[in-house]
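1. task: produce atomic coordinates for the following.
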Amino acid sequence: MEIVRCGIHGFHEVLGIDVDEIRFFWILDSHVENARQTAYRITLAASPQGQGGDDLVLLWDTGKVQSSEQRDIVCRPKGGFLSATFHYWQVTVWGQNGVPTTSPSNEFFTAYPRSNRLLPPYSMNQTYMPHSSLIFKTWFEDEPNRWKAVWIGNGGDKPLYLRKSFALAEKPVRAIAFASGLGHFNLFCNGLPASSHVLDPGWTNYHRTVQFVAYDLSGKLADGENVVAAHVGNGFYAGDQGDRFFWPTYEDNTYVRYGNELCFFAELHLFYEDGRRETVISGPDWKVRASATSLANVYASETHDKREYPVGWDAASFDDSAWTCAKPLTGPRGKLAYQSQPPVMLHETVLPVSKKTIAPAIVSFDLGQNMSTMVHIEVSGPAGAEVIVRYSETVDEHGAVLMPDPLFKEFETGVYSRITLSGEGVESWAPDFSFTSARYIQVEGVAVGPGLGLPVIHSVWGRHVSSAARRLGSMTTDNEDVNALINMCHWSISSNLFSYHTDCPQIEKFAWLEVTHLLAPATQYMRDMESLYSKILADIADAQEPNGLVPTMAPEMRYMCGPLHDTVTWGGAIALLPELLKRYYGSTHTFSRMYVPCTRYLDYLRTKERRGGLIEHGLGDWGVDIAYGNHQANIETAMYYQCLRNVELMANTLGYTTDAAKYRAWAERIHRVYNEHLLVLPSHPRSNRSYAFYTSLDHADGRHDCTAVAQAMALQLGLVPPQHKADVQHAFLTACSPDGSSPTIRAGSIGLKHVWNTLADLDRADVALAMALGPSRHGRDGEENGLAPPPHPSYLRFLRRGETTLSEFWQDHCRSKCHDMYASVLEWCYGAVLGVREVTDGYRAWTVRPPLGRGGENFGRGVEGTVECPYGRIEVRFEREETRGKARLRVKVPVGTTATVLLPGPETAVELMREGWDEGRRLRRQGPSVELNHGTYEVEILL
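-> Got it, this is the predicted structure:
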């Protein structure tokens, strides 16, 4: 038995743990057949285990626990963790043969778990009210467990540089920095970046929560002179529109800054060989000056003057005598919390596939891939020359940047960066604090070569910017259109993952909440989202209003109104995400924190009930014909029901049996009312069908429609009485192909996910493929061959038009082409084509269903892929051998899990071989399924 990875639930990085309860997990591997964990023991100490000898003092010890559990193991030491201290934990597991295996020592560092989430780092007007004043006694008497740094800046709202030079008599063995800069900051140490992060810290409601970031500077400090430096920009904290586009102030100018002074704090904790420790903190002894970047508009607009850049400012040898002393500042209102979600980082480098001069002094570059990006350019020219960089997802017939939506023409003209050259050879520029989504980069004021009296553009490239959440899965098929669709979904989702799940990285950058739960089942195949979703839940709790309402976005970068502020399919994320974390990651660590906010939200929704329990307000199936409301009664009520069931689950898990009974009865009432009003039986006097189906209440005249969305919502959310399930499934398939026509997408972002899942349950790949990749249909805003466009195109329409990411709406010419609302089809690809779906929490049990049903032949000879589940790596490769009437399935099952291969029918015969078996052990099985323990198997299916 080998322990291959250990971790802490809800934390991507573990250098600033600021809570007194955490939960451990580990992953096992073994080549021994039937290997399994039978017991575990976890120990925690303040020194590396294995090096302390017999005198090692344990802070916490589970003792030997007879259990096969590997996840969600609660660690809550008596008295809490030590503040600003390295902690070391090890897990020992016993296998089925009683032999123990111990992991290497795992490390985490704490901040101040018992600072009671006060408002430090402390700053205020220290002249008027110094912190030595007696009234602050209770804040500062617990010296080991309090923050010590001071918020500092220059009192202004434009980007600034800060630095602190200090001498060390000897090199520390470890150095951990806690820092935050609002809105964004980049930290440096001795001329080097402190990390590969960008856009630190994460976006939050800064009135409630401010994230700090932890950096390991151990290898960057030396004896002698050292420097720690920071570059601070505006972000959303003190958003600066300048003369450019800034969405929070678009239309009604309602945006109000969180703060008007850019600010920064840092604590540097130094540890020496002899056990000494030292702390360097931010304060008035730091130096500050204005940045060469004078505008940092997070909406992809910066102004940077290379002539003003202080070369070497972040190095120890730099002379900062002309800089001014920093000012202590009041700082933000929000309480400090560790940046527990994955940081934002730069990923793939994408080089242009073409470039052309589209007008004198204007050169356009096509990256070939739309994506969230921070652009890099290299240019040379005389001092004082100005270069303009513009970004776009769409270009006109000449290749110039284009915003297709006439309501947002300001985005076309008002999003750009201006760089003034210093004249010092080939100069590089990349934004410090802004990004966008773009495929096309337009550079103005340049030429592609010398001789025209213009600066010369030498190179342009894009760096994909996204969350550092671990990449988990990939898949490919023998159908190139399916592969292109998978790739389009991957880029679309990845381009919207930051410190929250954005709606798009280009025109809005808002934290709309519906994508979090709608896409969680799709995203968990490709990224480890546990810590990001955990942070989003904290954002939701911060955004909840006094009456219990959860707004449609969290944090609210801009206040919306009406259904754009109050919709169950958005606000319901508060109760939907905790269950998804349990289902996909086997963790309940958010239950206790979110339980009361969830109950407050349900109490609010009860005040919005109509007709005895229906919810009829909200956005319904957003995205059908752009923004027209539909299916509100079906969708909002179904989501309300699911929220109730999830809170019942949370109550049971937490041991609140009385509450669980309350929410179970409440959910049963909603179930009854939903069916009373929306289920139409054949005996109904106004029914014209011989089967039961669900209708919407969209028609004022009482007409009963029968849509695929209405049937799918009821089927997927458990609202169909068992005796009517077959009828509703029939109604669903009929609605997918009205009037016997080819199956067509007739759904918005909410309904579409449930349509795909219903098709997966019914094993109807033929219908799903016809919808997703049917003949290229016309968009809403164009006609072709004299035919009027139907309301929705297939994905193939966009692929054939050369799009590489998903559009916001089913339109050819859309304002945003990097939305991921429709990417729920990726869940169908992994779950119904690769065939991997979870059965129990964290994939402890899972199924693989090879594509042998109707439509499976459309994937060519086969499909293959991997999924890194919470217990290890799942591998699947399926190959069809039509001429021999056989199919081959190769499956790798991680230790700690069981897989069930779902076969076409009860008479299906298979031959089974496990790696490591002698050829004579080949097994024959017959039936609808085959169960596999851990190992790698070859399964030959006789068709």
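
2. check which helices and strands the host helix or strand of Thr866 is in contact with.
-> If you go by DSSP states H and E, Thr866 is part of strand 862-869. Counting contacts by 3 or more CB pairs under 8 Å, 6 or more residues apart in numbering; DSSP states H and E, strand 862-869 is packed against strand 474-477, strand 836-838, strand 872-881. Any C-beta I mention is one placed from the backbone N, CA and C, and that applies to glycine too.

3. so who does the residue positioned nearest the centre of the chain touch?
-> Centroid-nearest residue in the chain: Leu497, 4.1 Å away (criterion: CA atoms, centre = their mean). Leu497 makes contacts with Ser466, Ser467, Ala469, Thr523, Arg527, Met529, Leu532, as judged by CB atoms under 8 Å, 6 or more residues apart in numbering.

4. picking that back up, and among the helices and strands packed on strand 862-869, the most buried is which?
-> Looking across the helices and strands packed on strand 862-869 with neighbours counted as mean count of other CB atoms under 10 Å, the highest average goes to strand 836-838: a mean of 22.

5. for it, name the packing helices and strands.
-> Counting by 3+ CB pairs under 8 Å, 6+ apart, strand 836-838 packs on strand 845-848, strand 862-869.

6. among the ones you listed, which is the most enclosed?
-> Across the helices and strands packed on strand 836-838, averaging neighbours per residue (mean count of other CB under 10 Å) puts strand 862-869 on top, at a mean of 22.

7. what's in contact with that strand?
-> With CB under 8 Å, 6+ apart as the test, strand 862-869 has contacts from 470, 472-478, 525, 528, 830, 833-836, 838, 842-843, 846, 851, 873-880, 894, 897.

8. what about it, distance to the chain center?
-> What separates the centre of strand 862-869 from the centre of its chain is 21 Å, taken as CA atoms, centre = their mean, to the nearest Å.

9. got the angle between it and strand 872-881?
-> Orientation check (axes from the mean of the first three to the mean of the last three CA atoms, to 10 degrees): strand 862-869 against strand 872-881 gives 170 degrees.

10. circling back to that earlier point, between the helices and strands packed on strand 836-838, which gets nearest to Asp566?
-> strand 862-869 (36.2 Å; CB to CB).

11. may I have the closest one as PDB, with CA atoms only?
-> Provided in PDB are the C-alpha atoms of strand 862-869 (Å, rounded to 0.1, in the frame of the first residue of the first chain):
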ATOM      1  CA  GLY A 862     -14.200   4.500 -29.800                       C
ATOM      2  CA  VAL A 863     -13.500   6.900 -27.000                       C
ATOM      3  CA  GLU A 864     -10.800   7.200 -24.400                       C
ATOM      4  CA  GLY A 865     -10.100   9.500 -21.500                       C
ATOM      5  CA  THR A 866      -9.100  10.000 -17.900                       C
ATOM      6  CA  VAL A 867     -10.700  11.400 -14.800                       C
ATOM      7  CA  GLU A 868      -8.700  12.100 -11.600                       C
ATOM      8  CA  CYS A 869     -11.300  11.300  -9.000                       C
END
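
12. out of the contacts of Leu497, who has the most neighbours?
-> Thr523 (30 neighbours; other CB atoms under 10 Å).

13. I figured that residue hits Ser494, correct?
-> No: in this structure Thr523 lies outside contact range of Ser494 using CB atoms under 8 Å: 9.2 Å.

14. hang on, the earlier thing: quick one: the residue nearest to the centre of the chain from Ala430, how far?
-> According to CB to CB, to the nearest Å, Leu497 stands 20 Å off from Ala430.

15. same thing with Ile419?
-> Relative to Ala430, Ile419 is positioned 10 Å away (CB to CB).

16. looking at those two, which is more packed in?
-> Using other CB under 10 Å, the more surrounded residue of Ile419 and Ala430 is Ile419, with 23 against 15.

17. who touches the helix or strand encompassing that one?
-> Per DSSP H and E, Ile419 falls inside strand 416-420. Contacts of strand 416-420 with the rest of the structure, by CB under 8 Å, 6+ apart, involve 244, 300-307, 377, 379, 384-391, 429, 431, 434.

18. following it, which helix or strand comes up?
-> Strand 416-420 is succeeded, C-terminally, by strand 427-429 (DSSP H and E).

19. who are the packing partners of that following strand?
-> Applying 3+ CB pairs under 8 Å, 6+ apart, we find strand 427-429 packed against strand 362-380.

20. restrict the strand it packs on to CA atoms and write it as CSV.
-> This file holds the C-alpha atoms of strand 362-380, laid out as CSV (Å, rounded to 0.1, in the frame of the first residue of the first chain):
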residue,chain,number,x,y,z
ILE,A,362,-2.6,49.4,-37.4
VAL,A,363,-1.6,45.7,-37.2
SER,A,364,-4.1,42.9,-36.3
PHE,A,365,-3.0,39.6,-34.8
ASP,A,366,-5.2,36.4,-34.7
LEU,A,367,-4.3,34.1,-31.9
GLY,A,368,-6.5,31.4,-33.3
GLN,A,369,-8.1,30.7,-29.9
ASN,A,370,-10.5,32.8,-28.0
MET,A,371,-9.6,32.7,-24.2
SER,A,372,-9.2,34.7,-21.1
THR,A,373,-5.8,36.3,-21.6
MET,A,374,-3.1,38.7,-20.5
VAL,A,375,-1.4,39.9,-23.6
HIS,A,376,2.3,40.4,-24.0
ILE,A,377,3.9,42.5,-26.7
GLU,A,378,7.5,43.4,-27.7
VAL,A,379,8.0,46.7,-29.5
SER,A,380,10.8,49.2,-30.2
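
21. and the angle from it to strand 416-420?
-> Angle of strand 362-380 versus strand 416-420, following the same axes, to 10 degrees, is 40 degrees.

22. so which elements touch strand 362-380?
-> Against strand 362-380 (3+ CB pairs under 8 Å, 6+ apart) you get strand 344-350, strand 354-359, strand 386-392, strand 427-429, strand 436-444, strand 456-467, helix 480-494.
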